[in-house]
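Asks: Predicted model follows, preceded by the sequence.
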Amino acid sequence: PTRRSSDLPPAKMSTMRWGILLLLSLGASQAQKDRVNVQGNCDSIWQENTKTTILNQESNQQCIFTINGIVLNKTIRLIFSDYKFEANSDCSQENITVYDGLSTSSPSLGVVCKDSNGSVIFESSSNSLSFQISTDSSEFERSFFTFYYYISPEDPSQQCGGTLTDSSGSFTSPNYPAFHPDFTYCVWYIEVDPKLTINVVFNEIFLEIDPACRFDFLALHDGPSINSPLIDQVCGRFTSVYKVSSSANTMTVVLSTDYANSLRGISAQYTAEISANTSLTCSTDHMSVYIKQSFLESFGYKWTDLFLIDPSCQANSSNPVVFYIPFAKCGTYKQVSADHTVSYTNIINAFPSGDVITRQKQLQIIAKCEMNGNSTVEIMYMTKGDVIQSETSVGQYDVRIHFYESEAFIHPVPDSPYYVDLNQTLFTQITLNSPDPNLVVFTDSCIASPNSNFVLPAYDLIRNGCEKDDTCYIYKLSESYGRFHFNAFKFFQDHASVYIQCKVVVCDRNDGGSRCNQGCVTRQKRDLGSSGGTANAMVGPIRLKLHPNAIGRSDSSNPDRSEGDSTSQNNRFVLVTTVVLAVNALILVLVALRSYSNKKMGYEYQKVPSL
């Protein structure tokens, strides 16, 4: 993994600044020596509030180190910021395994080995923690730098970090530009729209100087977590702006310090970047348009020159230029095409300045989201004179399905699994989450299965908008809800659960020829993909309650009760059959014994003399 301290100052740097850096470096080096414990023994129990240690390990060892919590109501953060394993070692044979407790039988928190990604950080769930170092037979000088300390969410040093989702923003270390607190630990999760990347510019990095960045460090990960690939790990003081970029739309930034040599920390700004000149993303209730600032400037325009159909709606940021355009506002208009596809369109305009003549091109960007099939199709047109460029991508409808307590459909059932009585009426609602009040949801089909992957067996509740189950009832088409009810049942054999999956069609209320207005059709007239947007939703499992003396019902505490009942019935049948056979055999034996006894006593049939 990449680790580097600050670059050396350039030759033109003033003598005073060079002297200050030299003094800081010398002071840090001496303080580091004073607080680092070098340990070569194999097993150890640590009881200090904090400890910084270099562990030198030999080959063929299994060493266990335990942090025996003496601080109550706090947890432990353990950091391995530098480690040297044998280069050709196998991670399964040579590693450090960390456990969430006092022994190796506690749950594992993770593993450190030669393939690990920069500094590795673990947090316990209680005030104790342990780890085991395993080494193979290779002769090699292994060294592991680690430190730990106790933490509480209320500690000021932990009140930082967070999730950043705007297209641009900034973040600093706690107390900046003053010195950061001891044991500062901040994690910033930066996430922008999927089609964008992230650029971060650090205007200042001023952390403790160490060649390997073992004590204080800034780690940058190319992805959504601290386990994502490491871009860089730095420390010390940077004398120029430091820039870093992600490969996709997420980046994770970690700032970690120990308890000594606190300095100013960091100050950074980030921006979302687009690889193309423009980009469009559609969601369930709005569209996002991104325009590269340099592209806009090539036409002689500024971001303040742009406006939507409703000119009161302005760009949300300037670099890149970002428009968040709601489907229900800002002049966005809805269209229903001949194949019943619903689309939303808005236009970004930039008009040339001047009263009589101009040498600027008129720029117009038409952004359009089509709700089609199982997804939304995004189309953007840029008009530059008579040149049109287009771009497409995909999204999905936001459709949810829930059970409700009654026909009023007010209180959804929060429980999962949902335990019911056999033949109980179950009220089901499918909801489309959209700001458009003119969209309606039509329930085209619903199937039930004892398996969540809906492999056989399967049972039709609704098919082609028709009620296939005798107890099923579909409510009248109403707004953004699809509603029906049916009576609870169970599958034969040893199936304890029932899952429901429904396919729904989303249509415009005013589109008289849409699939939603056709209702029940005994034969499918056309493909749903061309007659309205469709989506799938699943709910379950449903399980039967246990009732005293009721055979064939599921026990809420034992979902496999039906299997036990079936086995019990089979056992009773075998028992009854065995008893009947045994009684018959006993009767035959008694008859035979009686006959034998009669012969032995001289009794026999005699011929009756004729008269």
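Replies: Happy to help now that I have it. Residues are numbered from 1 along each chain as shown.
Asks: what bits of the stretch 201-350 of the chain have low per-residue confidence?
Replies: 339 (pLDDT under 70).
Asks: Oops, could you answer that again for the stretch 51-200 of the chain instead?
Replies: Looking at the stretch 51-200 of the chain by pLDDT under 70, you get an empty list.
Asks: Which stretches in it count as strands?
Replies: 62-67, 75-84, 95-99, 108-112, 120-123, 129-134, 142-151, 162-164, 168-172, 185-191, 196-206 (DSSP state E, counting those that start in this stretch).
Asks: Give the pairing partners of the second one; include direction for each.
Replies: Just to be clear, that refers to strand 75-84. Strand 75-84 has the following strand partners under DSSP bridges: strand 120-123 (antiparallel), strand 142-151 (antiparallel).
Asks: so where do the helices sit in the stretch 151-300 of the chain?
Replies: 293-297 (DSSP state H, counting those that start in this stretch).
Asks: Quick check: nearest residue in space to Ser246, chain neighbours excluded?
Replies: Ile198 (4.3 Å; Cβ to Cβ, 6 or more residues apart in numbering). The way it works is simple: take the backbone N, C-alpha and C, and place the C-beta from them, glycine included.
Asks: The one you found contacts Asn249, doesn't it?
Replies: Yes - between Ile198 and Asn249 there is a contact under Cβ atoms under 8 Å: 7.0 Å.
Asks: Now for those two: what residues contact both?
Replies: Val192, Ala272 (Cβ atoms under 8 Å, 6 or more residues apart in numbering).
Asks: ok, these two, which is more surrounded?
Replies: Ile198 (24 against 18; other Cβ atoms under 10 Å).
Asks: Quick check, Lys292 in contact with Pro320.
Replies: Yes - shown here, Lys292 and Pro320 form a contact pair, counting by Cβ under 8 Å, at 5.6 Å.
Asks: overlap in contacts of those two?
Replies: Shared contacts of Lys292 and Pro320, counting by Cβ under 8 Å, 6+ apart, come down to Glu273, Ile274.
Asks: ok, those two, which is more surrounded?
Replies: Legend: neighbour count by other Cβ under 10 Å for Lys292 and Pro320, higher for Pro320 (26 against 18).
Asks: count of neighbours near the closest residue to that one other than its chain neighbours?
Replies: Among residues not flanking Pro320 along the chain, Tyr290 sits closest, at 5.1 Å (Cβ to Cβ, 6+ apart). Using other Cβ under 10 Å, Tyr290 has 23 neighbouring residues.
Asks: tell me the contacts of Tyr290?
Replies: Contacts of Tyr290 by Cβ under 8 Å, 6+ apart are 167, 193, 195-196, 272, 274, 278-281, 320-322.
Asks: Equivalent analysis for Thr97, please.
Replies: Thr97 touches Thr104, Ser108, Gly110, Val111, Phe131, Gln132, Ser134, counting by Cβ under 8 Å, 6+ apart.
Asks: Tell me where the stretch 251-400 of the chain has strands.
Replies: 265-274, 278-282, 286-291, 317-318, 321-326, 333-336, 342-350, 363-372, 375-384, 387-389, 399-404.
Asks: neighbouring contacts of the shortest one?
Replies: Contact partners of strand 317-318, identified using Cβ under 8 Å, 6+ apart, comprise Asp166, Ser167, Ser168, Gln293, Trp303.
Asks: if we can go back for a sec, could I get the contacts of Thr97 as JSON lines with distance to Ile70 and neighbour count?
Replies: Conversion of those to JSON lines gives the following (distance: Cβ to Cβ, whole Å; neighbours: other Cβ atoms under 10 Å):
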{"residue": "Thr104", "distance to Ile70": "21", "neighbour count": "14"}
{"residue": "Ser108", "distance to Ile70": "24", "neighbour count": "12"}
{"residue": "Gly110", "distance to Ile70": "24", "neighbour count": "16"}
{"residue": "Val111", "distance to Ile70": "27", "neighbour count": "16"}
{"residue": "Phe131", "distance to Ile70": "18", "neighbour count": "26"}
{"residue": "Gln132", "distance to Ile70": "21", "neighbour count": "19"}
{"residue": "Ser134", "distance to Ile70": "27", "neighbour count": "18"}
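Asks: Skipping its backbone neighbours, what lies nearest the residue positioned nearest the centre of the chain in space?
Replies: Note on the chain: the residue nearest the mean C-alpha position is Pro224, at 10.3 Å, using Cα atoms, centre = their mean. Spatial nearest neighbour of Pro224, excluding adjacent residues (Cβ to Cβ, 6+ apart): Thr250 at 4.2 Å.
Asks: which residues does the one you found contact?
Replies: Taking Cβ under 8 Å, 6+ apart as the test, what Thr250 contacts is Tyr189, Ile190, Glu191, Val192, Ile198, Gly223, Pro224, Ser228.
Asks: Recalculate using a threshold of 7 Å.
Replies: Contact analysis of Thr250 by Cβ atoms under 7 Å, 6 or more residues apart in numbering lists Ile190, Glu191, Gly223, Pro224.
Asks: So what pairs up with it in the strands?
Replies: Here Thr250, judged by DSSP bridges, has bridge partners Glu191.
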